[in-house]
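Visitor: What shape does this take:
(chains A and B)
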Amino acid sequence: MTSIDLDTINVILATDCGSTTTKAILIQKVDGEYRQTHRGEAPTTVEEPFADVTMGVINAVTEIQELADRKLVDDDGNLIRPTSGSEGCDIYISTSSAGGGLQMMVAGVIAEMTAASAKRAALGAGAIVMDVIASNDKRRPHEQIQRIRALRPDMILLSGGTDGGNTTQVVQIAELIAPAKPQPRFGKEYRMPLIFAGNIDAGPLIEDVFDESIELMKVENLRPVLERENLGPARDAIHDLFLEHVMAHAPGYDKLMGWTDAPIMPTPGAVGNILQRIADQQNINVVGVDIGGATTDVFSVFEKTFNRTVSANLGMSYSISNVCAEAGMANVLRWVHFDMDERELRNRVKNKMIRPTTIPQSKEALIFEQGVAREALRLAYIQHKEFATTLKGVQQQRTVGDTFSQEIGGQTIVNNMTLNLLVASGGVLSHAPRMHQTAMMLIDAFEPEGFTRLAKDSIFMMPHLGVLAEVHTRAAVEVFARDCLIYLGTNVAPKGLGKANKPCFNYEIRGATLNESGTINFGEIKLLPLGPGESAEVVIEPVRGFDCGAGSGKRIERTVHGGTVGLVLDGRGRPLQLPEDRVTCQKTVGQWVDTLELYPAAERDAVAV
Amino acid sequence: MAKAYTPGLKVTNRITHEVRRVLPIQGKVLVEKGQTVGPNDVVAETFMPGDVTPVNLSNMLSVPPGDVAELMLKKEGETVTIDEPIAQTKGIFGMFKNTFKSKYAGTIETISPVTGQMILRGDPIPVRVKAYISGTVKEVLPGEGCIVQAEVTFVQGIFGVGGETNGPIILACKSHEQELTADLITPEMKDKVVIGGARMTNDAIKKAKQVGAAAVVSGGMDDEDLRDFLGYDLGVAITGSEDIGLTVIVTEGFGEIAMAERTYNLLKSREGHIAAVNGATQIRAGVMRPEVLVPLTKDELDLEAEPAHTMGLLEPGRPVRIIRDPYFGLIGEVSNLPAEPAVLGSGSRARVLEVKLVSGESVTVPRANVELIEA
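Guide: Okay, here's the model as predicted:
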C-alpha cells in the first residue's frame, strides 16, 4: 500500500466480494464533487472450478469498463493505476464476505458482562458469532469443551476480568479452551488465532495455558473497568487477523490484498463504519438493516453508541423456513389480506428454501414473501434491542431522588422515539417492485415512533463507502449523501393505544407543495404526497395517551422531508397490534394495503406474465 | 440464438465419479492406490483425543490452587481409574488426611497452579472412514484418506435427510406418477433402497423405517410429514447428521409432485444393484445435494454415456422444470428466450422465458424459476 495524496484523487474503484456476487462501483469527481457513476457485477469466483476471487473482481470491473467507456483492466488482467487520461483509477478498495464471512467464537467470564462485551467487539468487527462461552452460561465444563471442539471458528476472542482484578476465572475459561484444541475452519496447518482482551494481569498466565497450536495475540482489556468498554483494540486485532489468516487462506486473496489501497474489511464491518460516521457527522440516531438470504444484520447508532447484531437464521431464502418456524405461520399470515392454504404454503416455503434463487412470480407470492420479511425483520430487531443495552454489572450510585426510579443496568439503548433515520438494504427491501412496499415493511417491522425518515441503500453501496471512509472520508461522505441513499419519505407515528375510530392526533402541514390539516383516528393510516427534495412544517397535536415525542398529549412541530413514497401519517398506535381474529385482521390489513397503494390494481392488470 | 445459464440437478446413466474420503484430523490410511474397495471397507482411521473432564481439586481439597500439585498422588501424564486415589491432604500433624478418589477414568493432562483445576482426558475415540461406494482407490491422501473412483449411474436429489447408507435398489411404485403409500412398503424392503414415484406419504415413511429399509427415494413429500418424521420443524437446509434410522430423499421438491420420468426409469433400470445413498443436503456456500450412486458392474462398463448438453445452458428446445408457483413442478421445453425483461404478476421486472408445457400450453416464467433437466 502506498501513501495517497487525497487532493489528486479523481477516480475510485471499489468492490464488495459477496458469497455469490462481486459488486463493483466506480466513483468519479464530477464538477468538483465525488459521485458514484457506474456499477457492475459478476459471480464471485472463490469456489471451484475458478478458486480465485480476483477473477470475479476483474469480471465485475470489466462490466464497469464497458459501461463507463474507461479502460480499468490492462491486457494482463491487472487493474490500471493511477489514472492516465481516460484510463485507470487512483484508488482501489474492497470488502469481503465470501466463503461465509468471518466466523468467531467468543468467551468471557460472565455472560452478561465481559462475554457480552466480547460479543459486541466481534459483531462490531463484522464477524458471525458462532457461540459465546462463559462461566455462567448454564453448561457444565465438559459440555462447554465439547462445544468448543465441535465448532470450527476462524478465530477466538477471549476476555474476562477487569484490570487489576481477579485472574483465576479468566484462566479457568482458558483452561477449557486449551484442551479442546479447537480446529480452524480453513487450512489444517495453520494455528488457531486467539485474541486475549481481558485482565491485563492475567496475560502471562494465559500464555502458559496455551501450547503452540494456538497463536496468541494479547491486546488491551475490552472491559478495563466495569463502567467502560474499550472495544477498539480488540476490533482492530480481529481485522488484522482476518487479513492474515482468514483472507490469506481464501483463494486469490493474497493477490487481491496486493491490489487494494486499504486493508480489506469484512462487509458488515464496513457497513457499520459508514453508518457510525454518518450518525456522528449529522448528530442523529440511525438504524440500518440488511436482510439477506441467510441472515439479517441490524446496525444501530444511538447517542453515539454503535451496535450490530447478526440474526444468523433469519433470512429470505436459505433461512425462510426458520423465519416461519420461529415467528409462527399465524404471525406471517396476519400480514396477508386474503386466504391461503397453510399446507400448501408450508410446502412453498420449503421449496424456496431448497431452491433459494427463485423469485415470486405472482402478486400473492410476493405479498406472502413480504409478510415473511416483516416477521424476519421484527424478530431481528427484537434480538438487536435485547443486545444493544447499557453496560451490565455497573454499580450505580442511587440518591434519594432515584428512590422511585426503576432504571437498572442492561436496559436497551434502542429508542424508537429518538430514531431519526431508518435505512433498508437487502433483496426483499431493495428489489420490492414498489418503494411503498419497502416503506411499509420497514414501518410494520420496526414500528418507528415520532418522526422517522425512511431510506434505502440504492444499490447496496454502504460496504464500499465504509471502507472508502478509511482512506478518503470526504469522498465517502459525499457519495453517501448524493448517491447511496434513496429517501422514501417520513413516517409520523405517535406512541400509545386507543379505541378504533376515535381521534389519535390532529395534524397541520405547511409546505411549498403540501398544505393540509385534519385528524387521524386510531387504527388509520394516511399517505400524503411529499416528493424527493421537498420538505414541510408539520404540527402534530396528539390526544391524551398518545406521545409523538414531546410527551403524552403534547403538541410538537417538526420539519419533515419527502421522498419517493411521501409522508405517512400512522395512527395505528404503538406497539402495533393487529386484530387476532383472522377475518377482521384480513379486513384491517386490506384497508392499509389499499390506503398505501401497495399493490395497485391498475399495474397488476397491465401485466401479461 | 438466445441462450442463458441456469443450474440443474445431475441425472445421468453413466459418469466417472470421485468421492473424497477424508478423516477430520490426521490419521492412518489403510488402502493403497489402485486397490478395489467395497462400500463398507474402512479406508482410513484415526483416534480423536478423548473427552475432557475438568476437576477443580482446589475446591475439593479445600487448599489454595498453588498447593494442589504437591498433594497429588498422580502426576501429569499418568493414567487414573475410577475410584483410584489421586490426591491427599497433609492433615494435621500427619493425621486426619483426606484422600480424594477420581470419579472419572483417563490421563491427567494438566494441573493448573492458577486455578487448581485438573484436566483429565478420557480414552482416545476411534474414527473410521468407509469407502462409501464400490470402486478403485484413485489417489491416497497421506495422513488424510483417499479418493475413490467409480463408474456410476448418478441421480442427484433436491433435498434429503439422514446420512450415508447403501443397499440394493427395489421399486415400490409402478410409475413415476404413483404416490408412495404405506401399503406399497413390504418386509422384503429391509436394508434396501426403496424407489417410489410421486409424493411419499407420512405413513409410507414410517412403514419404511419400521421394516428397516436403508433409504426411501421419491418425487416429493409434504413439509408437514417431514416435521412429523423428524420431530421438529427444519429451519435451515443443512442436513445429513440426523439420527433417524432411515435416509429419505426427494428428487423434485415439496408437495404433490411426480418424480421426473427419466429419473424414475434410470433407477428402475438399476433395480437389484447396490446403491450408495446420502441424504446430506447443504444449501449455502458450497451447495451439497443428496445423491444416489449406483456403481456399474464389470459387465456394464461398455454402457455408453448419454450425450450431455453444455452444463447450465438454457436454449430453445431444452427440457426444463418450473420450480416455483404458480406452475411449480410442471415440465416442458424452452420455446423462447426474450431478451427484454418483462413485468411479472408481482409487479417486478425480470428476464423471462417461454416454456411449452407437456400439455401443449405455453407459459411465461422468470428465468430464475426454472431448472434444466437432462434430456
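Visitor: what secondary structure does A:T45 sit in?
Guide: coil (DSSP: H, G, I helix; E, B strand; the rest coil).
Visitor: and the gap between it and chain B?
Guide: Distance of A:T45 to chain B, given as CB to the nearest CB, to the nearest Å: 13 Å. All C-beta atoms are positioned from the backbone trio N, CA, C, and that covers glycine.
Visitor: Number of residues surrounding A:L419?
Guide: Neighbourhood size, A:L419 [other CB atoms under 10 Å in any protein chain shown]: 21.
Visitor: try the one 4 residues further on
Guide: The local packing of A:V423 (other CB under 10 Å) involves 26 other residues.
Visitor: A helix includes it, no?
Guide: No - counting by three-state DSSP, A:V423 is not part of a helix but strand.
Visitor: How about the contacts made by the closest residue to it other than its chain neighbours?
Guide: Sequence neighbours aside, A:G288 is the residue nearest to A:V423 in space, at 4.3 Å (criterion: CB to CB, 6 or more residues apart in numbering or on different chains). Listed by CB atoms under 8 Å, 6 or more residues apart in numbering or on different chains, the contact set of A:G288 reads A:V271, A:L275, A:V298, A:F299, A:S300, A:L422, A:V423, A:A424, A:S425, A:M462.
Visitor: same check, this time on B:T107
Guide: Contacts here follow CB under 8 Å, 6+ apart; on that basis B:T107 touches B:G50, B:G77, B:E78, B:T79, B:V80, B:L120, B:R121.
Visitor: Bridge partners for it, pull those for me.
Guide: For B:T107, the beta-bridge partners are B:T79, B:R121 (DSSP bridges).
Visitor: who in the stretch 201-350 of chain B is up against chain A?
Guide: Neighbours of chain A within the stretch 201-350 of chain B, by CB under 8 Å from any CB of the partner chain: B:222-224, B:226, B:233-237, B:253-255, B:281, B:283-286, B:323-326, B:328, B:342-350.
Visitor: Select only the buried ones of those residues in ChimeraX?
Guide: Restricted to buried positions by 16 or more other CB atoms under 10 Å in any protein chain shown, the ChimeraX selection for those reads:
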select /B:222,223,226,233,234,235,236,237,253,254,255,281,283,284,285,323,324,325,328,342,343,344,345,346,347,348,350
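Visitor: Looking at the residues of the stretch 201-350 of chain B next to chain A, which are in helices?
Guide: When DSSP state H is applied, these are split such that B:D223, B:E224, B:L226 fall in helices.
Visitor: these two touch, right, the last one and B:R199?
Guide: The reference is to B:L226. No - using CB atoms under 8 Å, B:L226 makes no contact with B:R199, being 11.5 Å away.
Visitor: mind giving me the domain ranges of the chain?
Guide: Answering for chain A, as no chain was given. Chain A breaks down into these structural domains: A:6-98, A:101-259, A:288-311+A:382-392+A:411-605 (assignment by automatic domain parsing).
Visitor: nope, chain B please
Guide: Taken from automatic domain parsing, chain B resolves into B:11-17+B:152-300, B:52-121, B:309-372.
Visitor: wait, isn't A:A325 in contact with B:V236?
Guide: No - the pair A:A325 and B:V236 does not pass the contact test of CB under 8 Å, sitting 9.7 Å apart.
Visitor: quick one: the strands in the stretch 201-350 of chain B?
Guide: Listed in chain order, the strands of the stretch 201-350 of chain B (DSSP state E, counting those that start in this stretch) span B:215-221, B:247-254, B:274-278, B:291-295, B:313-314, B:319-322, B:331-336, B:342-343, B:349-350.
Visitor: Mind telling me which of those the model trusts least?
Guide: For the strands of the stretch 201-350 of chain B, the bottom mean pLDDT is recorded on strand B:313-314, which sits at a mean of 74.
Visitor: Which strands border it, and is each parallel or antiparallel?
Guide: By DSSP bridges, strand B:313-314 pairs with strand B:4-5 (antiparallel).
Visitor: so how many other residues sit close to the closest residue to A:T296 other than its chain neighbours?
Guide: In space, and not counting its chain neighbours, A:T296 is closest to A:A380: 4.0 Å by CB to CB, 6+ apart. For A:A380, the neighbour count with other CB under 10 Å is 25.
Visitor: what kind of secondary structure is A:A380 in?
Guide: helix.
Visitor: That one reaches A:S311, doesn't it?
Guide: Yes - using CB under 8 Å, A:A380 is in contact with A:S311, at 4.1 Å.
Visitor: Could you tell me which residues touch both of the two?
Guide: In contact with both A:A380 and A:S311: A:T296, A:V298, using CB under 8 Å, 6+ apart.
Visitor: which residue ranges form the strands in the stretch 151-300 of chain A?
Guide: So, for the stretch 151-300 of chain A - with DSSP E, counting those that start in this stretch - the strands run A:155-158, A:192-196, A:214-218, A:265-266, A:286-291, A:296-302.
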